[in-house]
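J.: here is the input, now give the coordinates:
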Amino acid sequence: MSLKIKALNIKNPQDLNEESKYIAKAISTGLIDFERLAYLVSNQCTVRESDCYAVLLALEHNMLDELQQGKVVNFGRIGNFQIGVKSNREETAEEVTLSTIKSAHLNFRASSKLRSKLKSVEFSFKGQTSS
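T.: You can find the predicted model right below:
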């Protein structure tokens, strides 16, 4: 199994006058939902699918609640999730207010174990096998 890659033509966001160039972009092969995850987990242990689904729903609820309280959510061997914000740049600290915040986003920091696993990912380019 390998991760599919395609070439994507993009502009430099820091210099829109610069000629666009190509970068490699990972291609999504689909989406896995909680029901499928619950099914997969239930087939790997003695817990029923409905129990796995209930645990995943509780995990989702509690993760969102903890993130909204400003906590970093640690997923063990997976990594950490934390809410971050994008804001306008201001000259002084006093000028930074709630109105300067543009949006919130989710930061993910992979654990060292997960990062080391990524080193062994194989790639294929538009259906061609290559590493």
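
J.: over to the residue most central in space within the chain: give its phi and psi.
T.: With distances taken as C-alpha atoms, centre = their mean, the chain has Phe108 as the residue nearest its mean C-alpha position (6.0 Å). Taking degrees, to the nearest 10, you get phi -130, psi 130 for the backbone angles of Phe108.

J.: that one: what's it in contact with?
T.: Applying C-beta atoms under 8 Å, 6 or more residues apart in numbering to Phe108 gives the contacts Gly79, Asn80, Phe81. Yep, even glycine has a C-beta here, placed from its N, CA and C like the rest.

J.: and it, how far is that from Phe81?
T.: With the distance defined as C-beta to C-beta, to the nearest Å, Phe108 ends up 6 Å from Phe81.

J.: so what does the strand or helix carrying Leu67 touch, helix or strand wise?
T.: Of the helices and strands defined by DSSP states H and E, Leu67 is found in helix 49-68. Packing contacts for helix 49-68, counted by 3 or more C-beta pairs under 8 Å, 6 or more residues apart in numbering; DSSP states H and E, involve helix 34-42, strand 73-74, strand 79-87.

J.: ok, now with 6 Å
T.: Using 3 or more C-beta pairs under 6 Å, 6 or more residues apart in numbering; DSSP states H and E as the contact criterion, the elements in contact with helix 49-68 are helix 34-42, strand 73-74.

J.: in TSV, list those along with mean pLDDT, mean neighbour count and distance to Pro13.
T.: Formatted as TSV, the entries for the helices and strands packed on helix 49-68 read as follows, by pLDDT from 0 to 100; neighbours: other C-beta atoms under 10 Å; distance: least, C-beta to C-beta, whole Å:
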stretch	mean pLDDT	mean neighbour count	distance to Pro13
helix 34-42	90	15	34
strand 73-74	94	16	30
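
J.: turn the ones you listed into CSV, including distance to Ala58.
T.: As requested, the helices and strands packed on helix 49-68 are exported to CSV (distance: least, C-beta to C-beta, whole Å):
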stretch, distance to Ala58
helix 34-42, 11
strand 73-74, 13
